[in-house]
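In: Below is the structure, and that's it, no one-letter string:
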């Protein structure tokens, strides 16, 4: 019973952090969600897929909030929507074909790259 409670608290606390990161930074939620989901017992590939499923509605909510606050203009986003959708579809198909070992390494490289970029700016 104690283990279930720990998992619930970790899931709720982690979910709040993922939402805050995603809403505040526009990214980064997945970098927290994937390790959190793995810690909660999901396999590597399932953790990535679940993180995307979690982040998608969070991103929609953030988009609405940013739009209502006048933080962006729709014409600025349009050039990225179709190519981004195509890339997301391809990424989802590729995820199913990548071995977990390679997925973990690719994810680690992106985390390191993002960290370096943030420190260097």
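Out: Done, it's in. Every value quoted in this text rests on a predicted model; they were computed, and no experiment measured them. Numbers count the residues shown, from 1 in each chain.

In: what comes up buried for stretch 10-29?
Out: The neighbour-count check on stretch 10-29 (16 or more other Cβ atoms under 10 Å) flags 14-15, 18-19, 21-23, 28-29 as buried. In short, each C-beta sits where N, CA and C put it, glycine included.

In: hang on, I meant stretch 59-74
Out: Result for stretch 59-74 [16+ other Cβ under 10 Å]: buried residues 59, 62.

In: Where does residue 31 sit: helix, strand or coil?
Out: helix (DSSP: H, G, I helix; E, B strand; the rest coil).

In: Kindly report the same for residue 102.
Out: Per three-state DSSP, residue 102 ends up helix.

In: Next, count neighbours for it.
Out: Residue 102: 11 surrounding residues under other Cβ atoms under 10 Å.

In: shaky segments in this protein?
Out: Applying pLDDT under 70 to the chain flags residues 1, 26-28.

In: any idea how far residue 115 is from the most centrally placed residue in the chain?
Out: The chain has residue 30 as the residue nearest its centroid, 2.4 Å off, counting by Cα atoms, centre = their mean. Distance of residue 30 to residue 115, given as Cβ to Cβ, to the nearest Å: 14 Å.

In: likewise residue 63?
Out: Separation of residue 63 from residue 115 (Cβ to Cβ): 25 Å.

In: can you check residue 65 too?
Out: With distances taken as Cβ to Cβ, residue 65 is found 26 Å from residue 115.

In: Equivalent analysis for residue 38, please.
Out: Plainly put, residue 38 is 19 Å away from residue 115 if you go by Cβ to Cβ.

In: Neighbour count for these two, which is higher?
Out: Neighbours per residue, other Cβ under 10 Å: of residue 38 and residue 115, the larger number sits with residue 38, 17 against 11.

In: so what's that one up against?
Out: For residue 38, the contacting residues are 44, 47, by Cβ atoms under 8 Å, 6 or more residues apart in numbering.

In: secondary structure element for it?
Out: Element membership of residue 38, judged by DSSP states H and E, is helix 29-39.

In: And that helix, what's buried?
Out: Of the residues in helix 29-39, 29-34, 36-38 count as buried by neighbour count, 16+ other Cβ under 10 Å.
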